[in-house]
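Need a 3D model of the following:
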Amino acid sequence: MKRKLLLTGAAGRIGSFFLKTYKDDYDFVLTDKREAAETHGFPFHLAELSDFAAVRVLCAGVDTVIHLGADPSMEATWESLLPSNVIATYNVFEAAHLAGCRRVIFASSINAVFGYPPDVQVHTDMPIFPINLYGVTKCWGEALGRYYAHTHKLSSICLRFGAVQPRDSSHIDLEHPYIDIILTWDDCARLIAAAVNAADSLDFGIYHGVSENRFKRLDISDARRELGYAPQDDAYAMAKERKG
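Numbering: from 1, shown residues only. So this is what the prediction gives:
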């Protein structure tokens, strides 16, 4: 039997790509605050995640919640972040707990640790270091995951995405400052799937997500070892090939 996944932020770039890539592997329930361009035949629900009643209904019968829905802007204001990233994330964890879901996968971000200098490789055991309110909300989500895993026995996996980009992105350039934090859409989908399929015994973890880049500002050793994450793309190699 296929796992039933609730995918929040299903109309976004990451959500829609993950759905397209794994539409034959899982049974999806989709939600977003705006209409999705393509649902691939799965049920879609227009909902605000800051509405707890709406979120609770969506979690019924779900195995794993993939929580991508959020304001993704590094410059987002508190007025937007409070409902979209703080209240919504609490609602997702609480609703998943009450519904008896097996796991929540929380889309965190490099912004939770973006304060470290570019020449420092960040490991998951290093202290949080956000430099914007958006990053602070991602730290909040990670803390919620730890709380729900410990107190409510809800498996919680937090994925700190790097700069998620399609393979033809202008960011994949040898001179671009983000070259060392690129996470291609394909590798991002692989990372999320690895978190979905990770052993039930994994109660909590924070894992970094970048591609198989020559230099990785985020260390992915934990994700390889504990999730079986196997990135396939190297932003440096793709940039060098593009440059010719």
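
where in the chain is pLDDT low?
244 (pLDDT under 70).

tell me the contacts of R103?
Taking CB atoms under 8 Å, 6 or more residues apart in numbering as the criterion, R103 is in contact with 63-65, 154-157, 195-196. The way it works is simple: take the backbone N, C-alpha and C, and place the C-beta from them, glycine included.

Name whatever forms a beta bridge with the residue most central in space within the chain.
By CA atoms, centre = their mean, the chain has its centre lying nearest to A107, at 2.5 Å. Counting by DSSP bridges, A107 forms beta bridges with L159.

quick one: contacts for it?
9, 14, 66-68, 70, 159, 161.

so P177 makes contact with P118?
Yes. Using CB atoms under 8 Å, P177 is in contact with P118, at 7.3 Å.

Mind listing the shared neighbours of these two?
In terms of CB under 8 Å, 6+ apart, P177 and P118 are not both contacted by any residue.

Show me what counts as buried in the longest helix anywhere in the chain.
In the chain, assigned by DSSP state H, the helix with the most residues is helix 133-152. Neighbour-count burial for helix 133-152 flags 133-142, 144-146, 148-149 (criterion: 16 or more other CB atoms under 10 Å).

just to revisit the earlier point, roughly how far apart are the residue nearest to the centre of the chain and L133?
As for A107, its distance to L133 is 17 Å (criterion: CB to CB, to the nearest Å).

Which residues are in contact with A235?
By CB under 8 Å, 6+ apart, the neighbours of A235 are 172, 179-180, 182, 184, 211, 213.

Make JSON lines out of the residues you listed and add neighbour count.
Below are the contacts of A235 laid out as JSON lines (neighbours: other CB atoms under 10 Å):
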{"residue": "I172", "neighbour count": "26"}
{"residue": "I179", "neighbour count": "20"}
{"residue": "D180", "neighbour count": "20"}
{"residue": "I182", "neighbour count": "29"}
{"residue": "T184", "neighbour count": "27"}
{"residue": "S211", "neighbour count": "29"}
{"residue": "N213", "neighbour count": "26"}
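
Does L5 lie in a helix or a strand, and which?
According to DSSP states H and E, L5 maps onto strand 4-8.

Strands of the chain, residue ranges please.
With DSSP state E as the criterion, the chain has strands at 4-8, 27-32, 44-46, 64-67, 103-109, 155-161, 163-165, 182-184, 204-209.

export the ones you listed to TSV and tack on distance to V122?
TSV is the format used below for the strands of the chain (distance: least, CB to CB, whole Å):
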stretch	distance to V122
strand 4-8	26
strand 27-32	30
strand 44-46	36
strand 64-67	22
strand 103-109	12
strand 155-161	9
strand 163-165	14
strand 182-184	14
strand 204-209	7
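
quick one: the residue nearest to the centre of the chain and K243, what's the gap?
On the measure of CB to CB, A107 and K243 end up 31 Å apart.

ok, now D168?
14 Å.

which ones are touching R13?
With CB under 8 Å, 6+ apart, R13 has these contacts: 164, 185.

Kindly recompute the last result at 10 Å.
By CB atoms under 10 Å, 6 or more residues apart in numbering, the contact set of R13 is 68, 72, 164-166, 185, 188.
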